[in-house]
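Student: What follows is a predicted protein model with its sequence.
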Amino acid sequence: MEEAILLAREAEKLGEVPIGCVITKDGAIVGRGYNRRETGKNALAHAELTAIDEACRTLGGWRLWQCRLYVTLEPCPMCTGAIINARIPVVVYGAPDPKAGSMGSVINLTDLPYNHRPEIISGVLEAPCAHLLTGFFRSLRARKKEEKAARRQAADGDTVTGSPSAEVPSYIDKSTISDYDRELTE
Ligand SMILES: [Zn+2]
């Protein structure tokens, strides 16, 4: 999980919501991934899917039945589906995701009678995994605030600035801001 946290930090460096994932087999890492939805301009670029893709290449097959998947945030429905399809037997996640988590928070898809039901271990290094997200959204809000103030100042000074260079990316909308953020704004 510590390695997954390091990968989440890589995502954060790119301005992505920090989520990281590793897949191991016999204690060795065979797949790594972090969220690259914005930089990749791809709705599928979730940490888990990237890690599953890499693990399949590394192991030369789609059945990851001897593997464990570690991810910093509870998987969404898409990634839970991929985990089921890849026959991953054990999933370890850090922080719950009240908005999209599909291993217990919104729904537990693994309770449904699919042909494969992974074992779930939740809450592993939950605090550091959650802090990554709260820290990310906190600094994002601080940036937004600064930009607002700068725009107001520019308007007051009657200077034309055009669009601010450090504009908060348009992808930061309600749909990507989890309860980690909402907790802080309320
Ligand atoms: Zn996902």
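Tutor: Perfect, I can see it now. Only a predicted model underlies this, so the values are computations on that prediction, with no experimental measurement involved.

Student: Low-confidence stretches in this protein?
Tutor: For the chain, the stretches with pLDDT under 70 are 158-186.

Student: What residues does it have near the ion?
Tutor: Contact residues, the chain versus the ion (Cβ under 5 Å from the ion): His46, Cys76, Met78, Cys79. Bear in mind the C-beta positions are built from the backbone N, C-alpha and C, glycine included.

Student: do that again at 8 Å, thanks
Tutor: Applying Cβ under 8 Å from the ion, we find that the chain lies next to the ion at His46, Ala47, Glu48, Leu49, Pro75, Cys76, Pro77, Met78, Cys79, Thr80, Ala82, Ala100.

Student: I'd like those residues as CSV, with secondary structure and neighbour count appended.
Tutor: Putting the residues of the chain next to the ion into CSV (DSSP: H, G, I helix; E, B strand; the rest coil; neighbours: other Cβ atoms under 10 Å) gives the following:
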residue, secondary structure, neighbour count
His46, coil, 25
Ala47, helix, 31
Glu48, helix, 29
Leu49, helix, 22
Pro75, coil, 29
Cys76, coil, 21
Pro77, helix, 14
Met78, helix, 15
Cys79, helix, 27
Thr80, helix, 24
Ala82, helix, 20
Ala100, coil, 19
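
Student: Quick one: list the elements packing against the top helix by length along the chain.
Tutor: Secondary structure of the chain read by DSSP state H shows that its longest helix is helix 126-156. With contacts taken as 3 or more Cβ pairs under 8 Å, 6 or more residues apart in numbering; DSSP states H and E, helix 126-156 sits against helix 2-13, strand 67-73, strand 90-95, helix 179-185.

Student: immediately after the shortest one, which helix or strand?
Tutor: Heading C-terminal from strand 90-95, the first helix or strand you meet, by DSSP states H and E, is strand 119-121.

Student: is it true that Leu125 touches Met1?
Tutor: Yes: assessed by Cβ atoms under 8 Å, Leu125 is found in contact with Met1 at 4.7 Å.
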